[in-house]
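1. sequence isn't available, so here's the structure alone:
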């Protein structure tokens, strides 16, 4: 594991150094913003792949931890499904007659808000429960 940490540190230094170099070259107008934006896309792709691959590796190496993580994901999916089921699908038009949101967009945004409210209420409820149970002990 120590060799992996050293390898990751080297990769991090190379990526940071490349970013700093490109930023300086952009500041003195040697490279165009197109190259800088492409570099940002490369970094975003690396981050996305890393964010997907390493949790999968961790799940394979630690199945018990994967079970707990999957329970959380299933709970989140259930809350999102409840929000989607409760959401309406009205078409929203402004006073000039321009379409603000069609049926699908309206339902998805309302479902996200409802899920957010459910999760927020759950967070507040869990904080209250933890503090009250601490006081009663």
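-> Alright, I've got the coordinates. Just so we're clear, the structure is a prediction, and the values are computed from it rather than from any experiment.

2. where does pLDDT dip in this structure?
-> For the chain, the stretches flagged by pLDDT under 70 are 1-2.

3. show me the contacts for the closest residue in space to residue 82 that isn't next to it in sequence.
-> Spatial nearest neighbour of residue 82, chain neighbours left out: residue 118 (6.8 Å); criterion: CB to CB, 6 or more residues apart in numbering. Backbone N, C-alpha and C define where each C-beta goes, glycine included. Contacts for residue 118 (CB atoms under 8 Å, 6 or more residues apart in numbering) come out as 79, 82-83.

4. care to break this protein down by domain?
-> Using automatic domain parsing, the domain parsing of the chain gives 1-61, 63-137.

5. can you get me a residue count around residue 83?
-> 21 (other CB atoms under 10 Å).

6. tell me which helix or strand comes right after the host helix or strand of it.
-> Here residue 83 sits within helix 63-86, counting by DSSP states H and E. Downstream of helix 63-86, the first helix or strand assigned by DSSP H and E is strand 92-93.

7. how far does that following strand sit from the chain's center?
-> Chain-centre distance of strand 92-93: 29 Å, with CA atoms, centre = their mean, to the nearest Å.

8. so what does it touch, helix or strand wise?
-> Here strand 92-93 touches strand 99-101, going by 3 or more CB pairs under 8 Å, 6 or more residues apart in numbering; DSSP states H and E.

9. the strand it packs on pairs with which strands?
-> Strand 99-101 has these partner strands in its sheet, going by DSSP bridges: strand 92-93 (antiparallel).

10. ok now do the residue lying closest to residue 93 once chain neighbours are set aside, which residues does it touch?
-> Counting by CB to CB, 6+ apart, residue 99 is the residue found nearest to residue 93 once chain neighbours are left out, at 5.9 Å. Listed by CB under 8 Å, 6+ apart, the contact set of residue 99 reads 91-93.

11. most neighbours among those residues, which one?
-> residue 92 (13 neighbours).

12. name the helices or strands packed onto the helix holding residue 83?
-> Under the contact criterion of 3+ CB pairs under 8 Å, 6+ apart, the helices and strands touching helix 63-86 comprise helix 33-61, helix 103-136.

13. no more questions from me, cheers.
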